[in-house]
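Engineer: below is the sequence, then the predicted model.
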Amino acid sequence: MAKLTIAYGVILVVMGLGGYFGSGRVSWTALIPAFLGIPAILCGVIAEMKENLRMHAMHVAVLLGIAGFAGGVPGLRKLFSGDTGAGPLARSILAVVSAIYVALCVKSFIDARRRRKEREASG
């Protein structure tokens, strides 16, 4: 999951920088995905390098994913109501990418707990 978290963070940074520079640097709010992506990358790196901090780093990372999803939901609402501007589209992409990331994290957490219980039962 650490590598996936790094990839998720990179996607957010690229989205943020692309939105900011692609819109002519009109609004710094286009950088919000990057503001979530940088700490996600850091969490992924920590999880990859420090076994004893992996669980904590991944829990922080999934909170960033939840924040990304929550921040993107208003864009989905606008997109579904017919506003196809760049802002709602970018926020919708943020919501979808974050929802997929959070779902994969939850699945990973469940699988890890299941493996831990199996090891305890057999040991």
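Structural biologist: Nice, I can see it.
Engineer: C-alpha from now on. contacts and neighbour counts both.
Structural biologist: Noted.
Engineer: how distant is stretch 34-47 from the center of its chain?
Structural biologist: Stretch 34-47 has its average C-alpha position 9 Å from the chain's average C-alpha position, going by C-alpha atoms, centre = their mean, to the nearest Å.
Engineer: neighbouring contacts of it?
Structural biologist: For stretch 34-47, contacts defined as C-alpha atoms under 8 Å, 6 or more residues apart in numbering pick out 1-17, 53-55, 57-58, 60-61, 64, 68.
Engineer: now do the lengthiest helix in the chain, average pLDDT.
Structural biologist: When secondary structure is assigned using DSSP state H, the longest helix within the chain turns out to be helix 86-122. Helix 86-122 comes out with an average pLDDT of 93.
Engineer: quick one: buried residues of it?
Structural biologist: The neighbour-count criterion (16 or more other C-alpha atoms under 10 Å) identifies 87-99, 101-102, 105, 109 as the buried residues of helix 86-122.
Engineer: that one packs against which elements?
Structural biologist: Identification of packing neighbours for helix 86-122 by 3 or more C-alpha pairs under 8 Å, 6 or more residues apart in numbering; DSSP states H and E yields helix 2-22, helix 54-80.
Engineer: dump these to TSV, plus mean pLDDT, distance to residue 29 and mean neighbour count.
Structural biologist: As requested, the helices and strands packed on helix 86-122 are arranged in TSV below (pLDDT from 0 to 100; distance: least, C-alpha to C-alpha, whole Å; neighbours: other C-alpha atoms under 10 Å):
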stretch	mean pLDDT	distance to residue 29	mean neighbour count
helix 2-22	95	8	20
helix 54-80	95	12	19
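Engineer: among the ones you listed, which is nearest residue 119?
Structural biologist: Closest approach to residue 119 among those (C-alpha to C-alpha): helix 54-80, 17.6 Å.
Engineer: name the helices or strands packed onto the closest one?
Structural biologist: With contacts defined as 3+ C-alpha pairs under 8 Å, 6+ apart, the packing partners of helix 54-80 are helix 32-49, helix 86-122.
Engineer: just so I know, which of those helices lies nearest residue 22?
Structural biologist: Ranking the helices and strands packed on helix 54-80 by proximity to residue 22 (C-alpha to C-alpha) places helix 86-122 first, at 10.0 Å.
Engineer: what angle sits between that closest one and helix 54-80?
Structural biologist: Between helix 86-122 and helix 54-80, the angle comes out at 150 degrees (axes from the mean of the first three to the mean of the last three C-alpha atoms, to 10 degrees).
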